[in-house]
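Trainee: Please find the sequence and the predicted model below.
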Amino acid sequence: MFYHLLYPLKDLWFGFNVFKYITFRASMAALTSFLICVIFGPLIIERLKQLNFGQYVRKEHVGIIYDLHKHKEGTPTMGGIIIILAVVIASLLWCRLDKDYVLLTLSSMVWLGTIGFIDDFMKIRNKSSEGIRGVTKLIGQVTLALIVGLFVIHSKAIGADLYVPFLKNAVINLGMFYIIFVLFVIVGTSNAVNLTDGLDGLAIGSVVFITFTYGIISYVTGHATISEYLQIFYLPGAGELAVFCAALGGAALGFLWFNCHPACVFMGDTGSLALGGAIAVVSILIKKELLLLIAGGVLVMETVSVILQVTSFKLTGKRIFLMAPIHHHFQKKGWHESKITVRFWIIGAILVLVSLATLKVK
């Protein structure tokens, strides 16, 4: 909004020229979303308390896990509302709204956030860990995937090509099958953030690293000179997604202010589905979907641990981990919650460096 209102006034005063620069607007978007979270977060948290929208701790978590988490019961959930509110406002203020990519990503985030909100509300109302049916949730995710997939393959600037990291000129055209690929990316990423959201600050801290990575990559993807030098996919206008990622990262840091141990609020499915979906859509638009396996390595590790655990138990009757997702495995081994979270953050930070290295290593 500010770009459209103030940049045209640059002829009246040269200072308005600053709104042209993506780096400036990205910085302001991050600051804006962070301040919205920090200032309005306590008000929303207090309102969630008044409505008794508290966390339910699964009773099947017997033993040490239940003992470690039972004090969290009643802690306000649905905190993802704070994140979505901050990102939407900051993006509308600092992004160029004449770019379809921003509007698509914002809409995707709100859509999945709404599904997550309904799921959280059902859990609170039923006082159980069961929300909306899995099939219903999947239908919502598939619907979004179809919209995003059709948008991408019919876009002359984007198309249905799949770019493979580390390999020069490794491009695979998937055609209509790209829609199925988009489905796996969106469903997989949104559910991965949801699985990771089991310890104070773990998921939201991991999201900070991922959005930082994709913010940088979005910027270079939309910069003709840099993208040509790095020999990566060039998408005119992708720089606006860097502004969106900055808003997302700022909101994540703002939410972490309240979600760090001991957490004052949880994001719930409202936040986890919205965050995962937003990250997935950005990765699809800038053709860095496979890079999520590296940049989102912590999310992948959590998801794979669940898949391996379930598969092993069904086939052999034995468990690979003491408990899945894997962060609970380390809890059962006696690691403190904060130690697990910080060590996973360290892994996330290292993966950021590896992800950025893929831009040049080919």
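Mentor: Done, it's in.

Trainee: Tell me which stretches of the stretch 101-250 of the chain form helices.
Mentor: In the stretch 101-250 of the chain, the segments counted as helices under DSSP state H, counting those that start in this stretch are 134-153, 178-196, 202-221, 224-230, 239-259.

Trainee: for this protein, which spans come out with low pLDDT?
Mentor: 55-72, 362 (pLDDT under 70).

Trainee: in it, which helix has the most residues?
Mentor: In the chain, assigned by DSSP state H, the helix with the most residues is helix 22-50.

Trainee: Show me what that one is packed up against.
Mentor: helix 80-94, helix 202-221, helix 239-259 (3 or more C-beta pairs under 8 Å, 6 or more residues apart in numbering; DSSP states H and E). Every C-beta, even on glycine, is put in place using the N, C-alpha and C of the backbone.

Trainee: again, 10 Å this time
Mentor: Applying 3 or more C-beta pairs under 10 Å, 6 or more residues apart in numbering; DSSP states H and E, one finds that helix 22-50 contacts helix 2-6, helix 80-94, helix 202-221, helix 239-259.

Trainee: winner for burial among these?
Mentor: helix 239-259 (a mean of 27; mean count of other C-beta atoms under 10 Å).

Trainee: Quick one: list the elements packing against that helix.
Mentor: In terms of contacts (3+ C-beta pairs under 10 Å, 6+ apart), helix 239-259 is packed against helix 22-50, helix 80-94, helix 100-126, helix 202-221, helix 268-285.

Trainee: between these, which gets nearest to Asn191?
Mentor: helix 268-285 (6.9 Å; C-beta to C-beta).

Trainee: got the angle for that closest one vs helix 22-50?
Mentor: 160 degrees (axes from the mean of the first three to the mean of the last three C-alpha atoms, to 10 degrees).

Trainee: Dump helix 268-285 to PDB, restricted to CA.
Mentor: Listed in PDB are the C-alpha atoms of helix 268-285, where the atom choice follows Å, rounded to 0.1, in the frame of the first residue of the first chain:
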ATOM      1  CA  GLY A 268      -2.200 -24.400  17.500                       C
ATOM      2  CA  ASP A 269      -3.200 -25.700  14.100                       C
ATOM      3  CA  THR A 270      -4.300 -22.100  13.300                       C
ATOM      4  CA  GLY A 271      -0.600 -21.100  13.100                       C
ATOM      5  CA  SER A 272       1.100 -24.400  12.100                       C
ATOM      6  CA  LEU A 273      -1.000 -25.100   9.000                       C
ATOM      7  CA  ALA A 274      -0.900 -21.400   7.900                       C
ATOM      8  CA  LEU A 275       2.900 -21.100   8.300                       C
ATOM      9  CA  GLY A 276       3.600 -24.400   6.600                       C
ATOM     10  CA  GLY A 277       1.300 -23.500   3.700                       C
ATOM     11  CA  ALA A 278       2.800 -20.100   3.200                       C
ATOM     12  CA  ILE A 279       6.300 -21.500   3.100                       C
ATOM     13  CA  ALA A 280       5.300 -24.200   0.700                       C
ATOM     14  CA  VAL A 281       3.600 -21.700  -1.700                       C
ATOM     15  CA  VAL A 282       6.600 -19.400  -1.700                       C
ATOM     16  CA  SER A 283       8.900 -22.400  -2.500                       C
ATOM     17  CA  ILE A 284       6.600 -23.400  -5.400                       C
ATOM     18  CA  LEU A 285       6.500 -19.900  -6.900                       C
END
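
Trainee: Now do the closest residue to Ile172 other than its chain neighbours: how many residues are near it, please.
Mentor: Distance criterion C-beta to C-beta, 6 or more residues apart in numbering; nearest residue to Ile172, sequence neighbours excluded, is Leu162 at 4.5 Å. Residues near Leu162, counting by other C-beta atoms under 10 Å, number 16.

Trainee: next one: the one 4 residues further on
Mentor: Other residues lying near Phe166 total 12 when counted by other C-beta under 10 Å.

Trainee: The residue nearest to Ile172 touches Phe184, doesn't it?
Mentor: No - the criterion here is C-beta atoms under 10 Å, and Leu162 misses it with Phe184 at 11.8 Å.

Trainee: Find the residues that touch each one of those two.
Mentor: Contact with both Leu162 and Phe184 is made by residues Glu289, according to C-beta atoms under 10 Å, 6 or more residues apart in numbering.

Trainee: which stretch among the helices and strands packed on helix 22-50 comes nearest Leu290?
Mentor: Using C-beta to C-beta, the nearest of the helices and strands packed on helix 22-50 to Leu290 is helix 202-221, at 12.4 Å.

Trainee: do you know how far Ala238 is from Ala90?
Mentor: Distance, Ala238 to Ala90, using C-beta to C-beta, to the nearest Å: 18 Å.

Trainee: follow-up on the earlier one: may I see the helices and strands packed on helix 22-50 organised as CSV, with distance to Lys123 added?
Mentor: Putting the helices and strands packed on helix 22-50 into CSV (distance: least, C-beta to C-beta, whole Å) gives the following:
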stretch, distance to Lys123
helix 2-6, 39
helix 80-94, 13
helix 202-221, 17
helix 239-259, 18
